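A.B. asks: no sequence on this one, just coordinates:
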């Protein structure tokens, strides 16, 4: 509800800020959805239903789907990223065994002796493991199936249902702001923060593409036998198509994470506004209860399909992060460029993995403050409210579940801090006892 303040200044400020947020945040995000095929071209135009736009909006998602399938197949055929622990953490060497000469006379049938086979590589050097992939199902097939499932869910959610939950939540949050709250710089800071989310998200996608190029550089143009028969030019053409498909692959993950993170930021902004109104005693308890119900509805929508897609994408990122860390700590390659690649690999995936976890933890932390405020109201009183009203409000706040979830589990800050401390402690112990880490005694 918008209250009059300064001859409609609150309404004009909130409306202009909402339009600014739509122009600077939502439109670039809609462009991202259009790029991955989750939103039709020229959708906001009156010519959206013209024949040429309808044909384009049918062909384009089909092309995107085929390109994603190509990327899935390329990963398996090229053993992309070299994620096999058995073959990549050590350099296997094969030496010629020495035998003691035996001077005993032996009768040999010379007619059955064949010419010796001369290997094409030096026996004292590393034996190349270029025959195929191991652990294909767990390393490539399962993550790709999860990614495909997330893409199909997003296609149904955004393209078929035409869900505009993000914009609807933005309108609720901005229009529920009070006059004093609306005239502060909070909305401007939130718009700036959401724009930074988009900017850093686009930089993350670019970084993943650069990671592919770093992979080629680190392992000296790695090729599988299938590609070796096709020639160098054909390989580069296939690799270029894979870079385009990889961009789409990671853009799908970015779209999912951005939707979840942006909604968390909106909810956090709204909860802080509600807490401010309760502390200032500028709202009545009945209106506060209605706001809490709206908040619970928004969290319920957040914990639905969007949370499921975010959980699927998080599984993919978690697997890449864990495997990357294992290979990094167990890596025995002495080449600096391999170490650079192995160092950047888990960091890039971990950054996007931690983003939704961090946002959900912030939302739950802010929601817990509402219970603290309700408890303070019960102790110190509230304007025009009886003890019975305060008891009812405290009970209402206590039994209203206001928690953001991933994997259907509330993400609390204490859980994240405990997990980070335990993981760091275990890694330090393993490095100290020389079970993991680079060769030598530096660490």
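C.D. replies: That came through, no problem. All figures in this text were calculated on a predicted structure; none of them were measured in a lab.
A.B. asks: any residues touching stretch 337-346, and which ones?
C.D. replies: For stretch 337-346, contacts defined as CB atoms under 8 Å, 6 or more residues apart in numbering pick out 81, 211, 214-215, 217-219, 320-322, 324-325, 327-328, 331, 333, 438. C-beta coordinates here come from the backbone N, C-alpha and C atoms, glycine included.
A.B. asks: give the buried residues for that stretch.
C.D. replies: Using 16 or more other CB atoms under 10 Å as the test for burial, stretch 337-346 gives 338, 341-342, 344-346.
A.B. asks: let me have those residues in JSON lines, extended by secondary structure, distance to residue 359 and pLDDT.
C.D. replies: JSON lines is the format used below for the buried residues of stretch 337-346 (DSSP: H, G, I helix; E, B strand; the rest coil; distance: CB to CB, whole Å; pLDDT from 0 to 100):
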{"residue": "338", "secondary structure": "helix", "distance to residue 359": "34", "pLDDT": "88"}
{"residue": "341", "secondary structure": "helix", "distance to residue 359": "29", "pLDDT": "92"}
{"residue": "342", "secondary structure": "helix", "distance to residue 359": "28", "pLDDT": "91"}
{"residue": "344", "secondary structure": "helix", "distance to residue 359": "24", "pLDDT": "95"}
{"residue": "345", "secondary structure": "helix", "distance to residue 359": "24", "pLDDT": "95"}
{"residue": "346", "secondary structure": "helix", "distance to residue 359": "21", "pLDDT": "95"}
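A.B. asks: distance to residue 257 for those residues - can I get that in JSON lines?
C.D. replies: Output for the buried residues of stretch 337-346, formatted as JSON lines (distance: CB to CB, whole Å):
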{"residue": "338", "distance to residue 257": "29"}
{"residue": "341", "distance to residue 257": "24"}
{"residue": "342", "distance to residue 257": "24"}
{"residue": "344", "distance to residue 257": "19"}
{"residue": "345", "distance to residue 257": "19"}
{"residue": "346", "distance to residue 257": "17"}
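A.B. asks: need the max-distance pair from those residues.
C.D. replies: Distance extremes for the buried residues of stretch 337-346: the farthest pair is 338 and 346 at 14.0 Å, using CB to CB.
A.B. asks: and residue 331, how close does it get to residue 84?
C.D. replies: Distance check for residue 331 against residue 84: by CB to CB, to the nearest Å, it reads 12 Å.
A.B. asks: now swap in residue 332 and tell me
C.D. replies: 14 Å.
A.B. asks: between those two, who's got more neighbours?
C.D. replies: Taking other CB atoms under 10 Å, residue 332 and residue 84 do not tie; residue 84 has more neighbours (18 against 11).
A.B. asks: may I have the phi/psi pair for that one?
C.D. replies: Per-residue torsions, residue 84: phi -90, psi 110 (degrees, to the nearest 10).
A.B. asks: for residue 257, see how far away the residue most central in space within the chain is.
C.D. replies: The geometric centre of the chain, computed from its C-alpha atoms, lies nearest to residue 352 (CA atoms, centre = their mean), at 4.1 Å. As for residue 352, its distance to residue 257 is 6 Å (criterion: CB to CB).
A.B. asks: and for residue 350?
C.D. replies: According to CB to CB, residue 350 and residue 257 sit 13 Å apart.
A.B. asks: among the two, which residue is more densely surrounded?
C.D. replies: Using other CB under 10 Å as the criterion, residue 350 and residue 257 rank with residue 257 on top: 23 against 17.
A.B. asks: what's the first helix or strand after the strand or helix carrying that one?
C.D. replies: Taking DSSP states H and E as the criterion, residue 257 maps to helix 232-280. Counting by DSSP H and E, the next helix or strand C-terminal to helix 232-280 is helix 285-301.
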